[in-house]
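Trainee: turn this into a model:
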Amino acid sequence: MKYSFPAFENGFIRASAISPSLRVADCAYNAEQIVEAMQAFAAENVQLLCLPELCLTGYTCSDLFLQETLLSGAEAAMITILQASKGLNLVTLVGVPVRHHGKLYNCAAVVCGGELLGLVPKTYLPNYSEFYEKRHYVSAMREAECIEYAGQETLIGTNLLFACKQMQAFVLGVEVCEDLWAPVPPSCSHALAGATVIANLSASDETIGKAAYRRELVAGQSARLLCAYLYADAGHGESTTDMTFAGHNLIAENGVLLAQTSPFAGEEATTELDLGRMIQERQRNTSFVPDVEGYTTVEFELMPAELCLMREVSPAPFVPRDAATRTERCELILRIQAEGLAKRMEHTHAKCAVLGISGGLDSCLALLVAVCACKVLERDPKDIVALTMPCFGTTKRTRSNAEILCEALGVSFAEINITDTVNSHFADIGQDPHQYDVTFENCQARVRTLELMDYANKNGGFVIGTGDLSELALGWATYNGDHMSMYGVNAGVPKTLVRHIVRYVADTCGSETLRKVLLDILDTPVSPELLPTAEDGTIAQQTEKLVGPYELHDFYLYYVLRFGFGPRKIYHLARTAFAGKYEPEILLHWLKNFYRRFFAQQFKRSCLPDGPKVGSVTLSPRGDWRMPSDACNALWMAELEQITL
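Mentor: Modelled structure (predicted):
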């Protein structure tokens with residue numbers, strides 16, 4: 001069952017780009033089709049509807065555009081559309097020819113609630129190949145001028161923005177067809193002036209290869225402008241005297257194509273736009289410099305709507321859903337990690353690299369990276385020393401897997417049993433060895449780090465850290481224990497992605513022995529193994545039962561770091577992404593836990609060792625994330641307390 005949540009409150013609107021059927025020069029018929037579409041899409045909670053260029057008359061009217069009858073018919077049809085828009089919770093963009101001061105303009109009419117909010121003329125008029133628009137039209141004026149059209153006084157001009165009173169993030173800018181294909185589209189200025197949504201009313205004829213280029217243009221412009229971009233293309237009904245039109249409708253957001261129709265499919269593109277996300281993106285991007293000079297803003301009203309999102313909210317935002325993209329991502333991350341480590345080994349003239357191998361997931365990935373680094377440097381993998389350091393919680397399964405893994409990879413392997421050292425340390429500080437508290441656990445972690453550091457010093461090497469991004473976010477590391485190393489190769493990789501990288505190596509390694517042990521490591525519960533084993537010798541301490549499911553924490557982490565979303569929005573997104581898997585109270589419980597740990601554990605992240613950045617989210621104090629170690633989380637926790645299940 002899909003989850004419905006308050007869209008405006010969380011920065012979402014539903015938008016559609018459509019190509020209604022039309023008849024060339026039959027304005028009354030075309031108006032009927034447009035009105036039917038407006039009513040149908042408004043009933044589906046669509047709040048922004050973009051139609052094609054000159055859809056009220058048809059784009060292919062040619063010299064009929066110079067006929068008084070057609071122009072008067074278009075204006076009369078616009079009156080019909082304006083009347084029909086009353087009572088609809090919808091902004092509609094209609095393509096129409098408009099006369100002004102004795103000249104003809106190819107315009108986008110912006111309609112909402114019975115009002116003609118404005119007319120935006122086309123700036124760039126193609127007059128090459130099959131296009132000859134300058135035969136009929138003149139280019140747009142930039143600054144807005146007053147005009148009376150369809151029985152209303154309104155504004156006409158390129159530099160118009162349309163802002164929703166009820167949702168500050170929804171600011172609409174408009175351009176027409178060729179404007180997008182120009183070297184400097186008007187949408188560039190629109191976005192800098194504050195437009196978060198650009199709508200393009202187009203009549204782009206279909207030729208070989210053009211659809212792919214069109215997709216690239218739309219997606220690229222949305223990425224460059226940090227905006228949502230709607231593209232409504234002319235379709236069935238246009239004249240085929242010289243051209244055919246495919247109704248290739250597209251909706252993109254910040255470089256990602258959210259919805260599209262196949263050429264000639266006769267469909268609409270509909271999805272939700274996350275405008276709050278666009279605001280956050282612009283806020284953090286110092287290259288995006290606002291410039292509102294010369295612009296006029298027209299306000300409109302829309303009522304908030306409850307929406308079940310049509311767009312995908314991935315439960316694993318760090319992990320590509322497409323298998324081919326996921327494979328490419330895993331290959332690239334391994335290479336980034338390996339190149340970083342190789343440079344550090346080369347620069348420090350390290351005779352060896354030392355890491356603690358537990359038989360768990362993170363140390364497994366770190367070892368795989370170390371072996372790749374040796375290949376980059378053309379060094380013997382024996383220069384990698386993997387130390388297993390069993391103590392009270394080490395199981396036969398993890399100890400065995402560690403040894404098999406090292407043998408399969410051809411690295412040096414040694415064991416240092418730290419039990420006696422830990423017991424001696426317990427005696428030094430007066431710790432009861434039968435009291436299984438945090439001191440009991442942290443002593444083991446720090447002794448392991450001591451052994452690794454001193455072994456590396458003795459042998460002219462340095463220590464490779466194994467902790468991942470998810471553990472750093474939650475503070476799931478012992479300060480100056482496994483928290484510390486000379487180079488943390490996994491510091492930019494979240495736990496959910498660690499699993500896929502290891503699985504990728506298992507599937508591509510070409511060794512049945514290595515594949516088998518990697519799959520068993522993947523199947524082993526995540527655990528620091530710091531508490532004594534269960535009576536049957538199995539792992540007694542499972543991380544996810546203590547801190548919560550990593551898939552939830554990675555979801556929360558992604559939206560906290562990447563977009564700066566607040567707890568309420570993240571909770572609603574989680575309910576959408578994990579609908580049917582986790583109950584609302586479980587999602588809220590672990591979200592509260594995430595914020596508590598994330599704020600309380602910053603002191604560990606403030607002194608992290610170096611490590612390669614592999615994605616857009618990192619916690620390095622020298623890179624993307626800086627916060628005071630003593631910041632208060634009261635505002636975030638208060639927002640969480642206001643959430644009702």
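Trainee: which strands or helices does the helix or strand bottoming out on mean pLDDT in the chain pack on?
Mentor: One helix or strand of the chain scores below all others by mean pLDDT, DSSP states H and E: helix 543-547, with a mean of 80. Contact analysis of helix 543-547 by 3 or more C-beta pairs under 8 Å, 6 or more residues apart in numbering; DSSP states H and E lists helix 550-563 as its packing neighbours. To be clear about C-beta, it is placed using only N, CA and C from the backbone, and glycine gets the same treatment.
Trainee: apply 7 Å and report the result again.
Mentor: Packing contacts for helix 543-547, counted by 3 or more C-beta pairs under 7 Å, 6 or more residues apart in numbering; DSSP states H and E, involve no helix or strand.
Trainee: now find how far off-centre that helix is within its chain.
Mentor: Remark: helix 543-547 is offset 27 Å from the chain centroid, using C-alpha atoms, centre = their mean, to the nearest Å.
Trainee: give me the buried positions along it.
Mentor: Residues 543, 547 are the ones in helix 543-547 that count as buried (16 or more other C-beta atoms under 10 Å).
Trainee: would you say H572 is within a helix?
Mentor: Yes: using DSSP: H, G, I helix; E, B strand; the rest coil, the assignment for H572 is a helix.
Trainee: that one: how many residues sit nearby?
Mentor: Applying other C-beta atoms under 10 Å, we find 23 residues neighbouring H572.
Trainee: contacts only, for it.
Mentor: Residues near H572 by C-beta atoms under 7 Å, 6 or more residues apart in numbering: 5, 10.
Trainee: quick check: it vs C352, distance?
Mentor: 50 Å (C-beta to C-beta, to the nearest Å).
Trainee: how about M278?
Mentor: Counting by C-beta to C-beta, the gap from M278 to C352 is 49 Å.
Trainee: those two: which is more packed in?
Mentor: Between M278 and C352, counting by other C-beta under 10 Å, M278 is the more crowded of the two (26 against 18).
Trainee: name the nearest residue to the more buried one, ignoring sequence neighbours.
Mentor: T196 (4.7 Å; C-beta to C-beta, 6 or more residues apart in numbering).
Trainee: so what's the backbone phi/psi at that neighbour?
Mentor: The phi and psi values for T196, taken as degrees, to the nearest 10, are phi -100, psi -20.
Trainee: from memory P612 sits against G492, does it?
Mentor: Yes: when contacts are counted by C-beta atoms under 7 Å, P612 is listed as touching G492 (6.2 Å).
Trainee: which of the two has more neighbours?
Mentor: Neighbour count, other C-beta under 10 Å: between P612 and G492, G492 has more, with 26 against 23.
Trainee: now the strands for the stretch 401-550 of the chain?
Mentor: 412-415, 461-465, 487-488 (DSSP state E, counting those that start in this stretch).
Trainee: tabulate these (JSON lines), appending mean neighbour count and mean pLDDT.
Mentor: JSON lines is the format used below for the strands of the stretch 401-550 of the chain (neighbours: other C-beta atoms under 10 Å; pLDDT from 0 to 100):
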{"stretch": "strand 412-415", "mean neighbour count": "16", "mean pLDDT": "97"}
{"stretch": "strand 461-465", "mean neighbour count": "25", "mean pLDDT": "97"}
{"stretch": "strand 487-488", "mean neighbour count": "26", "mean pLDDT": "96"}
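Trainee: so which of those strands is nearest V138?
Mentor: Smallest distance to V138 across those (C-beta to C-beta): 61.9 Å, for strand 487-488.
Trainee: which other helices and strands does that closest one contact?
Mentor: If contacts are counted by 3+ C-beta pairs under 7 Å, 6+ apart, strand 487-488 sits against strand 461-465.
Trainee: D454: neighbour count?
Mentor: Counted with other C-beta under 10 Å, residues neighbouring D454 total 12.
Trainee: confidence score at it?
Mentor: According to the prediction, D454 has pLDDT 97.
Trainee: then Y595?
Mentor: 97.
Trainee: what's the answer for T524, then?
Mentor: 86.
Trainee: if I look at it, how far off is I384?
Mentor: Between T524 and I384 the distance is 22 Å, computed by C-beta to C-beta.
Trainee: more neighbours: which of these two?
Mentor: The residue with more neighbours, out of T524 and I384, is I384; 28 against 18, by other C-beta under 10 Å.
Trainee: tell me what the more buried one is bridged to.
Mentor: With DSSP bridges as the criterion, I384 is bridged to A353.
Trainee: correct me, but it touches C374?
Mentor: Yes: the pair I384 / C374 is scored as a contact, 6.4 Å apart, by C-beta under 7 Å.
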